[in-house]
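Participant: I would like the atomic coordinates for the input below:
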Amino acid sequence: MEKIRDCLKNKYVISLDLDSTLLDDNKKISDETIKYFQKLTKLGHLIILNSGRPYQGTTRYSKVLGITCPVIFSDGGGIAWLDKDYEVSKKILFPMKKEVISALYKENKDNIIGINIVEFNNQYFNDKRAIPEWMFHEGKDIVLHEGEIDEILKEDPITISCSIKKEGYDKFINSLDKYSSEVGYSLWGDFEEYIAFELYKKGINKGSTLLYLVDLLGYSRDNIIAIGDNLNDLGMINVAKYGCAMINSRDEVKKEAKYVTEYDCNNDGVRHFIESIIKE
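Facilitator: As a prediction, the model looks like this:
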């Protein structure tokens, strides 16, 4: 084991957000970046896709890149290992207790406009019409369930997005405070008629799960590169020695990151930054 760890000492773990970071505005990755990441992987560096997307939406880009490194999905809610066919061979999840989420929903259902609950192979929502289309990932690996959450939720979920009527904000915050030992949350957006939240297991984010994986695999925390563009990426950007914001990031992210890319997501900003760190 010590020999393996010695071999990994000088290898980098590269943690990458997808949308508006590795992916351009057309959700594509350039051929040059694909070839570069395949080269880095052959040299022993670890490319970790670290996305807010569920695992299906994350692992599809493992296949595009042609690499089978583990992926972190649902904003740190889970880790998936891939086989040679890019199918999940092993997973670790960091879920919330379904009993707590059912109680939270029941207390606030009159003020919830839309709620989208993701478990590994199941997705639950109260009203499909109230959920943005891009949130649905129906397919052979996932089943959709619609109805009253306190009645239909059968598994411990790993991430939740919901929109709350503005007049129900204080009540919802009070409920979140009541369950704060189990559930963490962040504001996702303040819109004209509602406020959007993201809920997750207390203490879990892209950064905490990245460190868990780095330690598990025996890589050095001193060689972490993390690149993202949005507020949910700050967890991994802040724990990385080379924590970097895309130049096309929100101003709050650029202000907090140690580095900012020279190029944006449409001009291979990720690859250019990594090339400035890894000299081989």
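Participant: show me where the stretch 51-200 of the chain has helices.
Facilitator: Using DSSP state H, counting those that start in this stretch, the helices of the stretch 51-200 of the chain run over 55-65, 98-108, 149-152, 169-178.
Participant: Just the residues contacting the last one, thanks.
Facilitator: This points to helix 169-178. For helix 169-178, contacts defined as Cβ atoms under 8 Å, 6 or more residues apart in numbering pick out 104, 107-108, 111, 164, 183, 185, 195, 197, 199. Yep, even glycine has a C-beta here, placed from its N, CA and C like the rest.
Participant: so which of these comes closest to residue 157?
Facilitator: residue 199 (8.5 Å; Cβ to Cβ).
Participant: Next up, the contacts around the nearest residue to that closest one once chain neighbours are set aside.
Facilitator: Among residues not flanking residue 199 along the chain, residue 160 sits closest, at 4.0 Å (Cβ to Cβ, 6 or more residues apart in numbering). Listed by Cβ under 8 Å, 6+ apart, the contact set of residue 160 reads 96, 101, 115-118, 197-200.
Participant: Quick check: which ranges of the stretch 101-250 of the chain have low pLDDT?
Facilitator: Applying pLDDT under 70 to the stretch 101-250 of the chain picks out residues 133-140.
Participant: for it, what spans make up the strands?
Facilitator: Using DSSP state E, counting those that start in this stretch, the strands of the stretch 101-250 of the chain run over 112-118, 122-125, 143-146, 159-165, 183-190, 194-201, 224-228, 242-245.
Participant: Tell me how this structure divides into domains.
Facilitator: The chain breaks down into these domains under automatic domain parsing: 2-93+204-277, 98-201.
Participant: hey, which of those is tucked in deepest?
Facilitator: domain 2-93+204-277 (a mean of 19; mean count of other Cβ atoms under 10 Å).
Participant: and that domain, how far out from the chain's middle?
Facilitator: With Cα atoms, centre = their mean, to the nearest Å as the basis, domain 2-93+204-277 stands 10 Å off its chain's centre.
Participant: do you know how far residue 128 is from residue 14?
Facilitator: Distance, residue 128 to residue 14, by Cβ to Cβ, to the nearest Å: 37 Å.
Participant: For residue 273, which three-state class applies?
Facilitator: Look at residue 273: counting by DSSP: H, G, I helix; E, B strand; the rest coil, its state is helix.
Participant: Phi and psi next, for the nearest residue to it once chain neighbours are set aside.
Facilitator: Of all residues not flanking residue 273 in the chain, residue 261 sits nearest, at 4.7 Å (Cβ to Cβ, 6+ apart). With angles defined as degrees, to the nearest 10, residue 261 sits at phi -70, psi 150.
Participant: Is it correct that residue 261 is in contact with residue 253?
Facilitator: No: checked against Cβ atoms under 8 Å, the pair residue 261 and residue 253 is beyond contact range at 11.4 Å.
Participant: shared neighbours, these two?
Facilitator: When contacts are counted by Cβ under 8 Å, 6+ apart, residue 261 and residue 253 are jointly contacted by residue 245.
Participant: Next up, the contacts around the closest residue to residue 92 other than its chain neighbours.
Facilitator: Excluding its sequence neighbours, the residue lying closest to residue 92 (Cβ to Cβ, 6+ apart) is residue 79, at 4.7 Å. Residues near residue 79 by Cβ under 8 Å, 6+ apart: 70-73, 91-92, 209, 212-213.
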